[in-house]
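Engineer: Please find the sequence and the predicted model below.
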Amino acid sequence: MEQIKGGVTAALGFEAAGVEANIKYEGRMDMALVYSSAPCKAAGTFTTNVVKAAPVLWDKDIVENSPYAQAVIVNAGIANACTGKQGMDYCDEEAKAAATLLNIPKNAVLVGSTGVIGRQLPIEKICAGIQKLVAAKDSSLEAGTTASKAIMTTDTVNKEIAVTFELDGRVVTVGGMSKGSGMIHPNMCTMLAYVTTDIAISKKLLQEALSASVTDTFNMISVDGDTSTNDTCLVLANGLAGNEEIVAKGEAYDKFLEALNFVNTYLARTMAGDGEGATALFETVVYNADTKSNARTLAKSVVGSSLCKAALYGHDANFGRFLCALGYSGVQFDPERVTLYFESKAGKLKICENGLDAGYSEEEATRILSEPEVTVLVDMNMGSETATAWGCDLTYDYVKINADYRS
């Protein structure tokens with residue numbers, strides 16, 4: 001597997017675009033299109049929040065019931081959540097407008113929205129934006145980058161990646177883009193993410209691969225403990241790589257899953273590090289746990305702790321906070337067997353051994369915690385299972401951003 005330049009247009013047959021539609025923002029792009037020249041198998045995972053935005057309900061129906069998908073329309077600025085029947089009607093109007101211009105069925109159009117909850121979409125601007133998108137779409141890598149920038153809200157950087165690998169003597173490409181900076185907490189999918197691939201694979205296995213990948217990627221990030229109403233991850237596979245269609249699990253499926261995991265991990269990790277107001281990526285690796293499930297729960301408990309996140313922001317090696325977060329996770333363990341380390345480019349330091357202060361240097365700990373990427377290593381000394389979770393520090397700016405989000 002090789003990482004290459006690009007994002008959603010890296011795979012064969014995919015085009016994209018981003019345009020200004022003035023949905024909420026002035027002077028910046030706020031609508032994106034991803035389009036495949038060939039019909040795609042579609043898979044999706046969605047928010048577990050009981051309050052689901054209209055685009056989530058629309059996309060779930062398309063993924064589960066439509067024979068194929070071929071386009072995704074996304075807007076930033078307004079979430080189309082808590083908008084009732086009118087919100088669903090607007091999804092229908094969006095899909096109809098895109099279908100007419102792209103000459104594809106309405107039920108082949110997926111939609112996505114992100115932004116302020118409770119406001120209705122300005123549907124005239126949305127439809128005008130779709131016209132611009134269809135006119136502007138192309139297959140260049142730059143077009144994919146443009147689309148990744150157009151879906152941003154409070155993100156400070158766009159997020160995209162692509163990889164290739166060989167299968168049946170053919171080059172297969174998997175590319176993706178995502179947005180997410182706040183309202184991010186594990187429980188699928190904690191953001192908007194769109195993955196494109198030219199692999200030939202059955203719809204059933206595509207869905208199984210995505211569901212498996214999400215568990216250790218997007219479901220392992222937390223910025224603020226809030227699970228969004230709009231969380232969506234979609235994968236479109238158009239089969240243009242020309243490999244023999246994957247219809248059973250085996251070596252070919254495993255290669256695809258590895259590539260999908262790489263893409264999803266990169267996007268998840270990048271979103272965590274770009275959390276609203278963040279100054280540092282906060283990674284927690286729990287190892288030697290008794291079960292995989294417990295390892296995941298423990299790691300997510302640490303990155304989701306406001307006190308741990310605040311300690312990271314203050315570069316304060318208060319190891320008691322990290323033990324505390326492990327302790328209320330719901331997992332049973334012996335605190336006197338736990339050892340903690342801090343690690344970054346500045347070095348690695350044991351801060352807690354067998355549940356007790358390891359006699360570390362506060363100055364060295366502060367130096368390690370002052371890097372833009374910090375890892376907390378947790379040795380449970382209970383078994384052999386490992387899990388990694390990602391988050392960010394908690395800063396004053398997080399409160400400022402969210403206090404003024406609608407203004």
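Structural biologist: Received it, and whenever you're ready, just let me know what you need.

Engineer: use CA for all of it now, contacts and neighbours both
Structural biologist: OK.

Engineer: Mind listing what's buried along stretch 365-385?
Structural biologist: 365-381, 385 (16 or more other C-alpha atoms under 10 Å).

Engineer: Okay, the residue nearest to V19 when sequence neighbours are not counted and L298: tell me how far apart.
Structural biologist: Of all residues not flanking V19 in the chain, M29 sits nearest, at 4.9 Å (C-alpha to C-alpha, 6 or more residues apart in numbering). Relative to L298, M29 is positioned 39 Å away (criterion: C-alpha to C-alpha, to the nearest Å).

Engineer: Looking at these two, which has the bigger crowd around it?
Structural biologist: More neighbours sit around L298 than around the other of M29 and L298, counting by other C-alpha atoms under 10 Å; the figures are 29 against 21.

Engineer: so where does the residue nearest to V19 fall, helix or strand?
Structural biologist: In this structure, M29 sits in neither a helix nor a strand according to DSSP states H and E.

Engineer: mind listing what it touches?
Structural biologist: For M29, the contacting residues are 18-22, 149-151, by C-alpha atoms under 8 Å, 6 or more residues apart in numbering.

Engineer: please redo it, this time with the cut-off set to 7 Å
Structural biologist: M29 makes contact with 18-21, 150 under the criterion C-alpha atoms under 7 Å, 6 or more residues apart in numbering.

Engineer: Filter these down to the ones in strands?
Structural biologist: Among the contacts of M29, the members falling in strands (DSSP state E) are 18-19.

Engineer: I'd like the contacts of M29 written out as CSV, with neighbour count, distance to A136 and pLDDT added.
Structural biologist: Converted to CSV, those look like this (neighbours: other C-alpha atoms under 10 Å; distance: C-alpha to C-alpha, whole Å; pLDDT from 0 to 100):
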residue, neighbour count, distance to A136, pLDDT
G18, 31, 8, 97
V19, 24, 8, 97
E20, 19, 11, 96
A21, 26, 13, 96
A150, 24, 13, 95
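
Engineer: tell me which of the contacts of M29 is nearest to L192?
Structural biologist: Comparing these against L192 with C-alpha to C-alpha picks out A150 as the nearest, at 12.3 Å.

Engineer: so what's the closest one up against?
Structural biologist: Taking C-alpha under 7 Å, 6+ apart as the test, what A150 contacts is 18-19, 29-32.

Engineer: ok, so of these, who is nearest K309?
Structural biologist: Distances from K309 to the contacts of A150, taken as C-alpha to C-alpha, are shortest for D30 (30.8 Å).
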